[in-house]
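**Q** Next come a sequence and a model predicted from it.
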There are 4 protein chains.
Amino acid sequence: MEPLLEKIAADREKYNCTVTSLGEAKIASPVRRHDFIREGQRVLMSGDFDLLQAWNEKLGHYPSFERAGAHEKIFHDPSWTRVGIVTAGGLCPGLNNVIKGLVETLHEDYGIRNVFGIRYGYAGLNPAFGYAPMALDVDSVDTIHELGGTILGSSRGQQPTDIIVDTLVRMNINILFCIGGDGSLRCAHEVAEEVLKRGLKISVIGIPKTIDNDLHFVGRSFGFETAVAEAAPVIRSAHVEAKGAHNGIGVVKLMGRDSGFIAAYAAMANPVVNFCLVPEMDFEIEGENGLLRALEKRFAGGKDHAVIVVAEGAGQKFFKGAVEKDASGNVLKQDIGHYLRDTISAHFKAKGIDHTVKYFNPSYTIRSCAARGTDAIRCYMLARNAVHAAMAGRTDCVVGESGELYTLVPIALATIERQHLNLSGAIWRSVTAATSQERLLGPSVPGSEN
Amino acid sequence: MEPLLEKIAADREKYNCTVTSLGEAKIASPVRRHDFIREGQRVLMSGDFDLLQAWNEKLGHYPSFERAGAHEKIFHDPSWTRVGIVTAGGLCPGLNNVIKGLVETLHEDYGIRNVFGIRYGYAGLNPAFGYAPMALDVDSVDTIHELGGTILGSSRGQQPTDIIVDTLVRMNINILFCIGGDGSLRCAHEVAEEVLKRGLKISVIGIPKTIDNDLHFVGRSFGFETAVAEAAPVIRSAHVEAKGAHNGIGVVKLMGRDSGFIAAYAAMANPVVNFCLVPEMDFEIEGENGLLRALEKRFAGGKDHAVIVVAEGAGQKFFKGAVEKDASGNVLKQDIGHYLRDTISAHFKAKGIDHTVKYFNPSYTIRSCAARGTDAIRCYMLARNAVHAAMAGRTDCVVGESGELYTLVPIALATIERQHLNLSGAIWRSVTAATSQERLLGPSVPGSEN
Amino acid sequence: MEPLLEKIAADREKYNCTVTSLGEAKIASPVRRHDFIREGQRVLMSGDFDLLQAWNEKLGHYPSFERAGAHEKIFHDPSWTRVGIVTAGGLCPGLNNVIKGLVETLHEDYGIRNVFGIRYGYAGLNPAFGYAPMALDVDSVDTIHELGGTILGSSRGQQPTDIIVDTLVRMNINILFCIGGDGSLRCAHEVAEEVLKRGLKISVIGIPKTIDNDLHFVGRSFGFETAVAEAAPVIRSAHVEAKGAHNGIGVVKLMGRDSGFIAAYAAMANPVVNFCLVPEMDFEIEGENGLLRALEKRFAGGKDHAVIVVAEGAGQKFFKGAVEKDASGNVLKQDIGHYLRDTISAHFKAKGIDHTVKYFNPSYTIRSCAARGTDAIRCYMLARNAVHAAMAGRTDCVVGESGELYTLVPIALATIERQHLNLSGAIWRSVTAATSQERLLGPSVPGSEN
Amino acid sequence: MEPLLEKIAADREKYNCTVTSLGEAKIASPVRRHDFIREGQRVLMSGDFDLLQAWNEKLGHYPSFERAGAHEKIFHDPSWTRVGIVTAGGLCPGLNNVIKGLVETLHEDYGIRNVFGIRYGYAGLNPAFGYAPMALDVDSVDTIHELGGTILGSSRGQQPTDIIVDTLVRMNINILFCIGGDGSLRCAHEVAEEVLKRGLKISVIGIPKTIDNDLHFVGRSFGFETAVAEAAPVIRSAHVEAKGAHNGIGVVKLMGRDSGFIAAYAAMANPVVNFCLVPEMDFEIEGENGLLRALEKRFAGGKDHAVIVVAEGAGQKFFKGAVEKDASGNVLKQDIGHYLRDTISAHFKAKGIDHTVKYFNPSYTIRSCAARGTDAIRCYMLARNAVHAAMAGRTDCVVGESGELYTLVPIALATIERQHLNLSGAIWRSVTAATSQERLLGPSVPGSEN
């Protein structure tokens, strides 16, 4: 966490905790209610206590964010408010729940009828693509929470900020909700800045979407909980196949290009996993502390099967060659899943050891299902609070969560950098305990010994 | 929250935030690790900010708890440690995950082999019942996380504290883990006190189990997340049946004798619910603001179906007669589900309005399934931290959670009283928004108007 | 089976195997295809071999039905064909699949665009109710297979035959598909007869819907497979709860007013059931061969839990009093589930035997889900063949299945009487073997001994 | 079907319908029962009527098989019977149900206690591998039906017949149950022949296991139903991802090396599939009738997404190069899934058409889950009838099913050749109708036109 604090301290103006307002809110909220928030109410960031202390020492104040919620006075006049909703980047469980929550809260709490779904991400705000927006109302979103994906469609990659703002102006949109990951949110940030520069009164509010759960300051991201749960049947299958053959090895590749949250959580939630490999850790395949030797030791120790969960971004050091990027600029990783499958198979074949390797790649199936249970509630709460923030005239912020309280976090701070698994923390320690991998594979944290 | 603070202030000695220790921890932890907690580290309670302030004003300090985790020095000698595990009260998703987590952490982190599963709750600690304990090891708990329920069996009701302590002494048990609800935890508290009174060195550590999610200071309880998710197919069925008939009405009764957390969360997670009735709210069935009239208005307004979710403890004012209690002393409630079904049916029949009422009572099915995904992780983390606490010589406390950090909370404070839905809070507001019930049923909070 | 054959033999004209045609089919099918059936092709009824023999001995011929499928020449002119679809009676998994299959086959294979969904069962064909029909096309049915229930709504009870035929004439409908149970099909039969009497050219084709799988001659009914699968989690819950307490008893009530097919199949598919009680069997609760004594013997034999599955129509002899009927004329049964729960509980309480009874009533949840897998395929195949039959000018028949071949069965024969579990057959024997109940409960077939 | 009949006619002695008996059954069955079958009872094969006729014309008799069931007189003396159970080849849902059914029926119906689970397929019958058998009893199989896979483990490939028979003799096994596919069953056939040649009295009974549902004369194979149902969430995901992007294309590869039953059934059961490609069909990728052009036409026609299901053995003509085989001698196919993904992507990229291809390979997940519902019942019934057949002294046969009646089919006939989808039949026609692929892709049956 220290490098992060250094980064914040180095540019305190950019990375502050204060949300931008478009102006003074003077209009009475159309719905009388018992849960208006007090103006100025703030929420102390929950989470790691040491971080709170370090923050105070470094910056002279504890980290806290404006509490999200319904305001008694609002900024935008509901009667002329026109809203755009855009979903950008890869799919994530709960996108439709968020859309539904936005449309319903706009309608029920503020009486707003002019809501437009932008098609296929930011491309839908670039006339060059010719995608007409969808009119959204409470009827058209009635049952969309049962469906995975997004009814609006999505796309990767940005569009020119100027063109986006021009489109918003032409469409008379004064509130834009952007449901997207850090790339898409940075684009929203640029839109918000351009809006301010032009002196427009358009609220740009983000709802952070990252199936990797890798944003700072916003709490657990929606969809993550469902994705972790969806990994269960695949890991169960890998275990069944591994046990179904002598020295059977099940290899499961899970999402996670830069961080191993899904892999780590899935391994903990399904304690049949014997090895969990994530991008944050350094590990060897060959050699005395390597994975192959660890498998041999496991088999020699009387266990005749093994289940390996590997995040797609793990072990990239084993690959050489040119760097490939996708349309959003994400670095495409070499396929560690196939690499493990083939390397393990070749190794045991060469050694004449009876074995079977079964490979599993659930790919998008863990993200394209509908959000369930408490994850669906998170989507709904994020959407409600995004609407309240927009109506109160806030802009350039996302909705976060901290200990079941919802907060508003400036986009710059939320996207300052991607979060990674802390290999010295309790979560990873629990993973190594649940898998018992440390005994065979060696410590993943240099300097620690078991 | 104010009455709760009054209660704490009135007996500060009883309801303090400091966990009892059996003595100085002098033994080096057998496993070297990178995630030892600093002694004295504390976690500020997350949650409602106003509560933090009020607490400080009233008690002169902010509420904080000892951070749970592995200690460098431990109190109990692993080589002679004998552990008992008891599950008490009703079933809850994740019980087996907790048992597995306890056994594995005792074994992996401390090398402890003498672990005994107490059968059928506290009855298993009363020789009068003659239930022999089960020896537990990592093999016998290997796959129990796939099963609902508890492999130990459970029972309601207490056993005499003296007899329990006598049994612990006779069995040479120096660590007892109690997985149970507030009644069972109070029993554990009495055991812990009796242990201290006798000058014994037995750690009594609780893992709070309440499917109703109704304990203070410990965060979301394990199993709750799964139970909320499990309610989805039943509510979906009720919706399908309601839409399958003209003026179809689906009534779903969910668990929640004293609090409506399951009903409220399930209604939010499944936004096809039109009315959510909980114990905390006052509502009428007859009259202009009554449920029957609300249904009529809904049908008249062009909607020809309705889904009602009712917590089992809601609307008890409609029943007269003697109070019944179960073996744990819980007050048995009259059946509001049948009452609603029959009353609604009779009303529309009397009025000659075409209608169909379909009744759903998933009863125990939402609690007897296995914990899934992040809920399973919660179980595992609670178990790990309970073991660490016990080995460090802590007693008379439960493991809680606050913003993904785990804490130790004295049993007295955790069981001070059951938590209820705050009808003025954001959660309930979201329920009324998701259901739109306020418009038809009237406000559930006296004084608020819509 | 013998009484059934007697019944057929007694009125051979009424209960014959020949499907009625409206007239000679002269129009070339608009789609050239490779799977036209040969005119006159018949399918020998599969199933019990003894039945085939007995049939031949009694009636002088083996039972065979016209094979269903696409005809090279059709009767109705697609360009003026107007179709009505009605769903009647209780819900069943797959109703929407059938509707979708009908609409798509009419559209894709015959180019028919005028398809009307009749609302709320036969009531939608009685102008007195004022339910406007829904226009159906391939877009409006695109995703309905994902939903349980019927998008048309349903209702119980008949409407006057005259009024129905008047409505068909007024709506210019020349094909009516009736998806319904035996009551609804008999109504369709009367409509078909009235149509013929009036010299109209309206095809009336039934798709048999009975979640109880209790019709003769038509093979397994759609939805049954899904309903059996849906019972699994409830039975698993009952098992978990039963094992979670000392002498725990889980009682699960399943659908089946007159036949025990669902209960029997669910017990076989979930071999944790210890007692399966169905309407076809005679059993005692009290006495040496009674259920209570059987439970005692089981507990005494070292098993400390029991799971009982009971069909709702079982054990009606234990109830006295007036007979109640629902709108379709089905006899309403007293609640055997509650009766067992209370009787068992009272018995063990009186005997001072520690026990816990947990009651489960999944009610409609096993029927209001969507059809899955091969069950969805069955729906689709029934729908396709119903369309082919109608277009070929057949009427007064249902589509059946026999060994993966589809057939046309006259309604009179299909509804001749409800089928029951054969207590001397292999299925029931398997149930008694899977449950081992015969050893404790005594034989369910008088005269047999174990 | 004609070539199959020719094959049978060419070697009538080898491919007859009569099951081999080890000798006269003289021992009274230990359990009195009401469902003994009549000796000599036969079941007429159900299924395609034309086949029955053709069979009769060609061979002079209709195809019929001995009815399976409990016999009043048995051949093996239960008191000295020792049983081996082997599972061979790839996993399949329901293996554990079959094992459980065998063990329970042996125990409950015949009092047999000496049952041995052979580990890892036929390798477990070759001492060279050193795999000790598992003793099986009703307790050890009590809950295995909840688990996917096989508790015995499996392996591909045969072992020398001599060695297997030697092992059976050494272990004093007089009944061997082989649960396996056509390769494994042929091995069982050789074992049965060697047994007879040596004059031994060992019953060798097969339970046909083929997830591809591709054996003749035995009806639907166990596990197939579950596998088809398990494909649903993956196809749903592919649909969601395809709709989530502009011109999104979801490609799903399903099992089926030589036949397309799983792919075809899954496409029919999930009517969001637009193209279903199976090994039996010839199709082009390039050219006017090719898949790429069909996708273009679909997009041009206003649909901006497509879902393609492809069986792993489809389109092998697109691959050149050396033939690879696995340990069972199955020809390993080139990866049509990756080939389609890459070819489609390259095509649209080259044409500058906006598109996204998402690839899904559920691989083993559809086969390693537990059997459910009616599929579980099928397993149980097959197991029961296999035991009855063995005890009656039958050998060299498998248990089949025909219209809910169970039959005994000589192994030679059951494994005569693998079954394929009939592209002129009703099932495939339904697939082309459900997908509407014929209109875009051209007819899959040469000569047919649409």
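**A** On my side now, so go ahead. Numbers count the residues shown, from 1 in each chain, chains lettered A, B, ... in the order given.
**Q** how near is the residue in the stretch 1-150 of chain A positioned nearest to chain B to chain D?
**A** Residue nearest to chain B within the stretch 1-150 of chain A: A:Ser46 (3.1 Å; CB to the nearest CB). Placement of C-beta: from N, CA and C, glycine included. Distance of A:Ser46 to chain D, computed by CB to the nearest CB, to the nearest Å: 33 Å.
**Q** what sits against that residue?
**A** A:402-403, B:44, B:46, B:402-405 (CB atoms under 8 Å, 6 or more residues apart in numbering or on different chains).
**Q** Looking at pLDDT only, which of the residues you listed scores worst?
**A** Minimum pLDDT for the contacts of A:Ser46 is recorded at B:Ser46 (71).
**Q** Three-state assignment for that one, please.
**A** Assigned with DSSP: H, G, I helix; E, B strand; the rest coil, B:Ser46 falls in the coil class.
**Q** excluding its backbone neighbours, what's nearest it?
**A** Excluding the flanking residues, the one nearest B:Ser46 by CB to CB, 6 or more residues apart in numbering or on different chains is A:Gly403, at 3.0 Å.
**Q** can you pull the contacts of the residue of the stretch 301-450 of chain A found nearest chain C?
**A** Nearest to chain C in the stretch 301-450 of chain A, going by CB to the nearest CB, is A:Ala370, at a distance of 10.8 Å. Residues in contact with A:Ala370 (CB under 8 Å, 6+ apart) are A:93-94, A:96-97, A:145-148, A:226, A:376.
**Q** filter those down to the ones near chain C?
**A** Taking CB under 8 Å from any CB of the partner chain as the test, chain C is in contact with A:Glu146 out of the contacts of A:Ala370.
**Q** all helices for chain A, in order.
**A** For chain A, the helices defined by DSSP state H occupy A:2-10, A:49-59, A:95-110, A:161-170, A:182-197, A:224-243, A:261-269, A:291-300, A:336-350, A:373-391, A:411-414, A:426-435, A:437-441.
**Q** of those, which approaches D:Leu292 most closely?
**A** Among the helices of chain A, the nearest to D:Leu292 by CB to CB is helix A:336-350 (26.1 Å).
**Q** Tell me which other helices or strands that closest one touches.
**A** Packing partners of helix A:336-350 (3 or more CB pairs under 8 Å, 6 or more residues apart in numbering or on different chains; DSSP states H and E): strand A:248-254, helix A:291-300, strand A:305-311, strand A:356-360.
**Q** got the angle for the last one vs helix A:224-243?
**A** Orientation note: strand A:356-360 sits at an angle of 160 degrees relative to helix A:224-243 (axes from the mean of the first three to the mean of the last three CA atoms, to 10 degrees).
**Q** Any part of strand A:356-360 near chain D?
**A** Yes. Strand A:356-360 reaches chain D (CB under 8 Å from any CB) through A:358-360.
**Q** Just give me the closest of those residues to chain B.
**A** Nearest to chain B among the residues of strand A:356-360 next to chain D is A:Phe360, at 17.7 Å by CB to the nearest CB.
**Q** residues making contact with stretch A:117-132?
**A** Counting by CB under 8 Å, 6+ apart, A:84-89, A:99, A:133-136, A:151-160, A:163-164, A:167-168, A:180, A:184, A:187, D:245-246 sit against stretch A:117-132.
**Q** Tell me how far stretch A:123-132 lies from the chain's centre.
**A** A distance of 26 Å separates the centroid of the chain from that of stretch A:123-132, by CA atoms, centre = their mean, to the nearest Å.
**Q** For that stretch, list every residue counted as buried.
**A** For stretch A:123-132, the neighbour count (16 or more other CB atoms under 10 Å in any protein chain shown) marks A:123-126, A:129, A:131 as buried.
**Q** returning to what we had before: which ones among the contacts of stretch A:117-132 are found in strands?
**A** A:84-87, A:134-136, A:180 (DSSP state E).
**Q** And A:Glu401, how far from A:Glu39?
**A** Distance, A:Glu401 to A:Glu39, by CB to CB, to the nearest Å: 21 Å.
**Q** care to break chain A down by domain?
**A** A:2-222+A:369-414, A:224-366+A:423-441 (automatic domain parsing).
**Q** Could you save these as a markdown table and add columns showing distance to C:Met281?
**A** A markdown table is the format used below for these (distance: least, CB to CB, whole Å):
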| stretch | distance to C:Met281 |
| --- | --- |
| domain A:2-222+A:369-414 | 40 |
| domain A:224-366+A:423-441 | 38 |
